[in-house]
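**Q** pasted the sequence and its predicted model underneath.
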Amino acid sequence: MNTATQIHEVVRRLASSGDGHRIALEQTFPTTPENLWSACTEPTRLARWFEPAEGDLHESGHYRLTDSGTRGTILHCDSPRSLTITWEYEDDVSLVEVTIAGAEGSATLTLTHSVPENDHWREYGPGAAGAGWDASLLGLALHLADDPRATPEAMATFDATPEGAEFVAASLGAWERAHVDAGADPTVAHEASERAAKAYLQQ
């Protein structure tokens with residue numbers, strides 16, 4: 001798989017209201033809805049491309065991602081079509097919704113992350129969350145292609161390469177454009193994107 005083309009496989013949308021923002025990513029994969037659902041929800045597979053998950057992994061149960069410490073509640077689960085969870089990291093609480101729709105020979109994943117209007121958003125804009133999800137979709141695409149670069153360890157190495165830096169820059173550029181398309185002042189969107197890029201480079 002050519003990682004340089006992955007950035008163009010994702011449709012990105014941003015919708016903003018007075019009190020929050022909805023970051024949406026959509027990608028179609030050459031697999032079945034059932035296999036895509038399995039890759040996104042089964043702990044043994046999540047650990048191969050995202051990070052390990054533990055907890056009561058059913059509707060109304062609680063989960064925890066063991067590497068990052070992100071945790072939350074499984075609000076809705078309709079296999080293999082939709083999943084809604086709270087996304088809780090330190091003091092920040094947001095909402096993640098995943099839907100999967102199937103067509104002949106393909107399955108489309110739409111991920112929507114609803115985040116509040118707060119200091120973090122004003123500092124970094126959609127790039128902070130959006131680039132993270134772009135990296136996750138890259139890992140998922142590699143996993144579905146049985147590419148050994150899908151593992152979290154390999155992806156961490158990728159992030160430190162010139163190719164990885166180009167991927168992050170392309171992602172942040174795409175989210176800057178989405179920010180402007182959603183009504184943000186171009187200067188404000190660009191400055192937020194630059195701050196997000198500096199934050200990623202310092203990781």
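**A** Structure received. Numbers count the residues shown, from 1 in each chain.
**Q** Asp92 against Trp121, yeah?
**A** No. Using C-beta atoms under 8 Å, Asp92 is not in contact with Trp121; the gap is 10.2 Å. (C-beta placed from N, C-alpha, C; glycine too.)
**Q** those two: which has the busier surroundings?
**A** Taking other C-beta atoms under 10 Å, Asp92 and Trp121 do not tie; Trp121 has more neighbours (17 against 12).
**Q** quick one: mean pLDDT over the lengthiest helix in the chain.
**A** Counting residues, the longest helix found in the chain (DSSP state H) is helix 162-181. Helix 162-181 carries an average pLDDT of 95.
**Q** and the angle for the next helix or strand after that helix with helix 162-181?
**A** Remark: after helix 162-181, the chain's next helix or strand is helix 186-201, criterion DSSP states H and E. Angular relation of helix 186-201 and helix 162-181 on a 0 to 180 degree scale: 150 degrees, by axes from the mean of the first three to the mean of the last three C-alpha atoms, to 10 degrees.
**Q** not counting residues beside it along the chain, what's closest to the spatially most central residue of the chain?
**A** Centroid check for the chain by C-alpha atoms, centre = their mean gives Trp133 as the closest residue, at 1.9 Å. Counting by C-beta to C-beta, 6 or more residues apart in numbering, Leu25 is the residue found nearest to Trp133 once chain neighbours are left out, at 5.4 Å.
**Q** can I take it that the one you found is in a strand?
**A** Yes. Under DSSP: H, G, I helix; E, B strand; the rest coil, Leu25 sits within a strand.
**Q** for it, give me its contacts.
**A** Val10, Val11, Arg12, Thr110, Leu111, Gly130, Trp133, Asp134, Leu137 (C-beta atoms under 8 Å, 6 or more residues apart in numbering).
**Q** what is the one helix or strand the third one maps to packed up against?
**A** Secondary structure assigned from DSSP H and E places Arg12 in strand 11-16. Contacting strand 11-16 under the criterion 3 or more C-beta pairs under 8 Å, 6 or more residues apart in numbering; DSSP states H and E are the following elements: strand 20-29, helix 162-181.
**Q** list of residues touching that strand?
**A** So strand 11-16 is in contact with 21-27, 126, 130, 174-175, 178-179, 181-184, going by C-beta under 8 Å, 6+ apart.
**Q** partner strands of it and their direction?
**A** Applying DSSP bridges, strand 11-16 is found paired with strand 20-29 (antiparallel).
**Q** average model confidence for the strand it pairs with?
**A** Strand 20-29 shows a mean pLDDT of 97.
**Q** list the buried ones in the longest helix of the chain?
**A** Within helix 162-181, the residues that qualify as buried are 164, 167-176, 178-180, counting by 16 or more other C-beta atoms under 10 Å.
**Q** redo the residues you listed as CSV? Include distance to Ser79.
**A** Converted to CSV, those look like this (distance: C-beta to C-beta, whole Å):
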residue, distance to Ser79
Gly164, 33
Phe167, 31
Val168, 33
Ala169, 37
Ala170, 33
Ser171, 29
Leu172, 34
Gly173, 36
Ala174, 31
Trp175, 30
Glu176, 36
Ala178, 30
His179, 34
Val180, 37
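**Q** show me which of these is closest to Glu117.
**A** Nearest to Glu117 out of the buried residues of helix 162-181 is His179 (C-beta to C-beta; 13.3 Å).
**Q** brilliant, that's me finished.
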